[in-house]
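# dropping a prediction and its sequence here:
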Amino acid sequence: MSIKISQKKAVFVLTNLIMAGIFFMLYWLSDEQNIKQVAIFGIFQYIWMFVSWFKATKNIMNIYLIFLALSFFFYLGQPILYLFNIEVTNVMSINTSPFTITQVNTTLKFLLRAMALFHVGASFTIEGVQVRNPVKVNKKAMVAIGKLLFLISAIPAINFLINSLITTFTVGYANIFESDFVQGAGVDGGIPRLVAGFFDSSLLLLILGNIANPKRRTFWIGFSIVYSLLMVISGQRGSNVLFLISIVLLYHFSIKPFTKRQLLKFVWIGLSGIVLLSLISSTRNMALSNIGFEQILTVMSNNNLAVNLLGEMGFTLIACTTVMVFSPSAIPFNGGATYINSLLTLIPNLFWDVHPAAQGGVDQVFKSFLFQNSGIGSSFIIEAYYNFGYWGLLIIPMFGFIFGKMYFSIIKASRDENYLKLFMWLSIAPNLLWFVRSETITFWRNFGYYTVIPLIMVALYTALARKMNPSRINSVNNMQNIERYN
């Protein structure tokens, strides 16, 4: 079996290396001013990446495919609209940006080359997953720590939700920096924001810890969905949509796998989600308390919501172009400093609106070239460019390797019923997925505080409980296993 897997992996890696080389050559030969030509090449590149990964894994519920889908829309969104001569009016576009077609096209080719290398890096993670003996996990400890973190983080998290809703309804999300409820930017500061970050972790622990209790499990899943949807409605879309994806993956891999028919229903849910996100995008910058239902219907009828959403997601290309145009001409390459700063964010941000380590991040440095107040976003790819120039492409395969490893780790944790390992990956998944339009500056802070600390707390609780009453720990685990299989 291992020989077959090794042969399959070798063929997969070699094929992807050849395909990456072909696309590199196509981008090198393409016309510098022909974005449509590059967009067509990009579409075929994504078809290759999607098909090859699906054939290698035979699994549609696939976090790697989710990341590919996100990168497709964020990097190729506007070029696809440009390909079909569809005007983008809700955000700055390829036609209305201060950059030339050549500059935008150069950035697009850099992003597509990087994604080809990303896929090559993921190729090295292909492995066979064998069914193993279930791992004994103290679910009682997960529930106890989940409850503790929930009690600590619920008030600041819900307060943040309420303030976000008030801001959106009274002055509009676009004016958040001028409202009475400024939430901060970058690596947000203050003890309440630091503590509120444990809220999502507590919900994952409570769901997985109650995996053998259908009523409690269902309650916490429902609570998580409602909370996340309210956050989305308040304008906080990205991270909360990705947290919902974590909940979906949790259900599929730890409770009950979705059938093919159920997966088809997700297509309709996805289309409905696009309409909802587009509507939120079109209305969140208005003071919703000042507009009525008729005005919302007018917005829906006068705008192609799908085009607006694709244009807004595709703005990431313009943000990345900003970096390539002004670095190193105006802003010198950073020499890897943003990755060091990511480690520095482990120092609690208790005294600043924006952590000093985040001041050198891509968004903070380059946003003033386009806007005065709001951020522009970025990408883990353009962050690599900002640090090392075109040599930054050399580190992109490492990111692909991480995402490929994450997929197989989730699969193995599911089959082993290793709920702590599943928690680890699902808690950090939203942050990793958001690399598609953000830099890595917050990674170590989020991983250290909201993944590692809860895991340490569960381990300490388990060790303490075992020391005080070892027989009860064993009996609890046995009862939970019996409940699950019944």
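Good, I have the coordinates.
# quick check: chain neighbours aside, which residue is closest to Phe447?
Among residues not flanking Phe447 along the chain, Ile428 sits closest, at 5.4 Å (CB to CB, 6 or more residues apart in numbering). Using the backbone N, CA and C atoms, a C-beta is placed for each residue, glycine as well.
# correction: the previous question concerned Thr345.
Arg445 is the one closest to Thr345 (CB to CB, 6+ apart), at 4.0 Å.
# quick one: the one you found from Arg193, how far?
Applying CB to CB, to the nearest Å, the value for Arg445 to Arg193 is 11 Å.
# Leu309: which element?
Following DSSP states H and E, one finds Leu309 within helix 305-313.
# helices and strands around that helix, which ones?
helix 63-83, helix 260-283 (3 or more CB pairs under 8 Å, 6 or more residues apart in numbering; DSSP states H and E).
# which of those helices comes out lowest on mean pLDDT?
Among those, helix 260-283 has the lowest mean pLDDT, at a mean of 65.
# pick out whichever of Arg445 and Arg193 has more residues nearby.
Arg445 (24 against 18; other CB atoms under 10 Å).
# which pLDDT value goes with that one?
pLDDT, Arg445: 89.
# now do Gln45
98.
# now do Leu464
Predicted confidence (pLDDT) at Leu464: the value is 89.
# neighbours around it, how many?
Burial measure for Leu464: 11 neighbouring residues, criterion other CB under 10 Å.
# how about the strand or helix carrying it: buried residues?
In this assignment (DSSP H and E), Leu464 forms part of helix 453-468. Within helix 453-468, the residues scored as buried using 16 or more other CB atoms under 10 Å are Pro454, Leu455, Met457, Val458, Tyr461, Thr462, Ala465.
# can you tell me the SS state at the closest residue in space to the fifth one that isn't next to it in sequence?
By the measure of CB to CB, 6+ apart, the closest residue to Tyr461 outside its immediate chain neighbours is Ala141, 4.3 Å from it. Of the three states, Ala141 takes helix according to DSSP: H, G, I helix; E, B strand; the rest coil.
# measure Ala141 to Leu464 for me?
9 Å.
# repeat for Phe110
In terms of CB to CB, Phe110 sits 52 Å off from Leu464.
# and the helices in the stretch 151-300 of the chain?
191-196, 198-209, 214-233, 238-250, 260-283, 293-302 (DSSP state H, counting those that start in this stretch).
# would you mind giving the domain segments of this structure?
2-131+306-347+375-400, 139-290+439-485 (automatic domain parsing).
# now render the ones you listed as TSV, adding distance to Leu420.
Below are those laid out as TSV (distance: least, CB to CB, whole Å):
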stretch	distance to Leu420
domain 2-131+306-347+375-400	18
domain 139-290+439-485	6
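# worst average pLDDT in those domains?
Comparing mean pLDDT across the domains of the chain, the weakest is domain 139-290+439-485, with a mean of 79.
# tell me, how many residues neighbour Ser224?
Residues near Ser224, counting by other CB under 10 Å: 22.
# could you do Ala330 as well?
Applying other CB under 10 Å, we find 10 residues neighbouring Ala330.
# quick one, what contacts it?
With contact set as CB atoms under 8 Å, 6 or more residues apart in numbering, Ala330 has no partners.
# what backbone torsions are found at it?
phi -110, psi -40 (degrees, to the nearest 10).
# how much space between it and Met61?
Distance from Ala330 to Met61, by CB to CB: 44 Å.
# show me which residues of the helix or strand Gln103 falls within are buried.
Using DSSP H and E, Gln103 maps to helix 101-123. Buried residues in helix 101-123, defined by neighbour count with 16+ other CB under 10 Å: 103-123.
# and stretch 414-423, by the same measure?
Neighbour counts over stretch 414-423 (16+ other CB under 10 Å) mark Ser414, Asp416, Glu417, Asn418, Tyr419, Leu420, Lys421, Leu422, Phe423 as buried.
# what's the answer for stretch 30-45, then?
Neighbour counts over stretch 30-45 (16+ other CB under 10 Å) mark Ser30, Ile35, Lys36, Gln37, Val38, Ala39, Ile40, Phe41, Gly42, Gln45 as buried.
# I figured the fifth one hits Phe110, correct?
It refers to Val38. No - counting by CB atoms under 8 Å, Val38 does not reach Phe110; the two are 10.7 Å apart.
# picking that back up, look up how far Gln372 lies from the residue nearest to Phe447.
Taking CB to CB, one finds Ile428 at 33 Å from Gln372.
# these two: who's more crowded?
Between Ile428 and Gln372, counting by other CB under 10 Å, Ile428 is the more crowded of the two (19 against 7).
# ramachandran coordinates for Asn34?
As for Asn34, its main-chain torsions (degrees, to the nearest 10) stand at phi -110, psi 80.
# give the contact list for it.
Applying CB under 8 Å, 6+ apart, we find Asn34 in contact with Asn105.
# repeat the analysis, applying 10 Å as the threshold.
Contact analysis of Asn34 by CB atoms under 10 Å, 6 or more residues apart in numbering lists Ile40, Ile101, Thr102, Asn105.
# the closest residue to the third one other than its chain neighbours in helix, strand or coil?
Right, the one you point to is Thr102. Counting by CB to CB, 6+ apart, Glu32 is the residue found nearest to Thr102 once chain neighbours are left out, at 5.0 Å. Under three-state DSSP, Glu32 falls in the coil class.
# wait, isn't Glu32 in contact with Thr107?
No - between Glu32 and Thr107 there is no contact under CB atoms under 10 Å: 11.8 Å.
# quick one: the one helix or strand Ala56 maps to to helix 63-83, angle?
According to DSSP H and E, Ala56 maps onto helix 35-57. If you take axes from the mean of the first three to the mean of the last three CA atoms, to 10 degrees, helix 35-57 sits at 160 degrees to helix 63-83.
# roughly how far is helix 35-57 from the heart of the chain?
Helix 35-57 has its C-alpha centroid displaced from the chain centroid by 20 Å (CA atoms, centre = their mean, to the nearest Å).
# which strands and helices lie in contact with that helix?
Applying 3 or more CB pairs under 10 Å, 6 or more residues apart in numbering; DSSP states H and E, we find helix 35-57 packed against helix 2-29, helix 63-83, helix 101-123, helix 396-416.
# please enumerate the shared neighbours of Val38 and Phe110.
Common neighbours of Val38 and Phe110 (criterion: CB under 10 Å, 6+ apart): Tyr27.
# from Phe258, how far off is the closest residue to Met61 other than its chain neighbours?
Computed as CB to CB, 6+ apart, the closest residue to Met61 that is not its neighbour in sequence is His252, at 4.9 Å. Distance, His252 to Phe258, using CB to CB: 5 Å.
# which residues are common contacts for these two?
Common contacts of His252 and Phe258 (CB under 10 Å, 6+ apart): Met61.
# am I right that Met61 sits in a strand?
No - going by three-state DSSP, the assignment for Met61 is coil, not a strand.
# OK, contacts around it?
Val248, Leu249, Tyr251, His252, Phe253, Pro257, Phe258, Leu263, Phe266, Tyr407, Ile410, Ile411.
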